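Student: heads up, no residue letters with this:
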């Protein structure tokens, strides 16, 4: 359905928009059937947001959000190799586990996360719309000056509001595992360039190992978008296989936000 009759917009584009909205971290549909143990698990407790000077920012609990018309990825708490983790299983599916948050630009510091991936998605290619799947993603959503949106992105944001009740974020930064591109590569989103994917792991060398990362949010945002970030308003994890119609599994360690780096204070 075209909610803007005066603007040519094919039916299939509405479906593509919903996928884009999910990827940007908007709350498209909360899945109340998911077990509460994820929300109250030791992983969720460890994934609170610690910011400058060790203070605590008010944050919401982690919630599963499903994509209308898409099968949901399964998220569950697990102890894996002595670590608190979220086990994920995707079967031709796409959904996110998300936490709303607000950290002002001056308080942005580091994000620490870890994951363990047993196998890559053979047909995945993060640069192609029809193959844009990943076994693991860490997603950060930011505020910004929406007057700078292109006409296309302004339309996408308005359509997002109509279809989901929320606008898509000004910018979304993803940390991803790519099949072949080198770490440090930045890929634009396949549906909107307001999504940028930063490759932090590549290839098969580190499969079946826990990989731990600590990333400077401001520096990575500047690298990906060429500008300084606005407030951080959402953080999520995502494993998706809906485009390649395949299966994938992984484990995520706690996601922690650390204080502003000393050099930038």
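Tutor: Received the coordinates, thanks. Bear in mind the structure is a predicted one, so any value in this text is a computation, not a measurement.
Student: Go ahead and confirm residue 178 touches residue 199.
Tutor: Yes. Taking contacts as CB atoms under 8 Å, residue 178 lies within contact range of residue 199: 4.5 Å. For the C-beta atoms, the positions are set from N, CA and C on the backbone; glycine is no exception.
Student: which neighbours do the two share?
Tutor: When contacts are counted by CB atoms under 8 Å, 6 or more residues apart in numbering, residue 178 and residue 199 have 126, 185, 187 as shared neighbours.
Student: Using TSV, please lay out those together with pLDDT, neighbour count and distance to residue 242.
Tutor: What follows is these, written out as TSV (pLDDT from 0 to 100; neighbours: other CB atoms under 10 Å; distance: CB to CB, whole Å):
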residue	pLDDT	neighbour count	distance to residue 242
126	95	23	14
185	97	16	23
187	96	19	18
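Student: so which of these would you say is closest to residue 255?
Tutor: residue 126 (20.4 Å; CB to CB).
Student: check contacts around that closest one.
Tutor: Contacts for residue 126 (CB under 8 Å, 6+ apart) come out as 132-134, 176, 178, 181, 187, 197, 199.
Student: Tell me which strands the one helix or strand residue 239 maps to pairs with, and in which orientation.
Tutor: Per DSSP states H and E, residue 239 falls inside strand 232-240. Its sheet considered, strand 232-240 pairs with strand 95-103 (antiparallel), strand 134-142 (antiparallel) by DSSP bridges.
Student: Go through the shared contacts of residue 178 and residue 199 and say which is closest to residue 219.
Tutor: Nearest to residue 219 among these is residue 185, at 15.6 Å by CB to CB.
Student: distance of the residue nearest to residue 244 when sequence neighbours are not counted from residue 129?
Tutor: In this structure, residue 244 finds its nearest non-sequential neighbour in residue 123, 4.4 Å apart by CB to CB, 6 or more residues apart in numbering. According to CB to CB, to the nearest Å, residue 123 stands 13 Å off from residue 129.
Student: isn't residue 188 right up against residue 194?
Tutor: No. Counting by CB under 8 Å, residue 188 does not reach residue 194; the two are 9.0 Å apart.
Student: Give the residue from these two that has the larger number of neighbours.
Tutor: Remark: of residue 188 and residue 194, residue 194 carries more neighbours, 25 against 14, as counted by other CB atoms under 10 Å.
Student: so who does the more buried one touch?
Tutor: Contact analysis of residue 194 by CB under 8 Å, 6+ apart lists 24, 149, 153, 168-172.
Student: nearest to residue 104, of those residues?
Tutor: Ranked by distance to residue 104 (CB to CB), the contacts of residue 194 are led by residue 170 at 14.5 Å.
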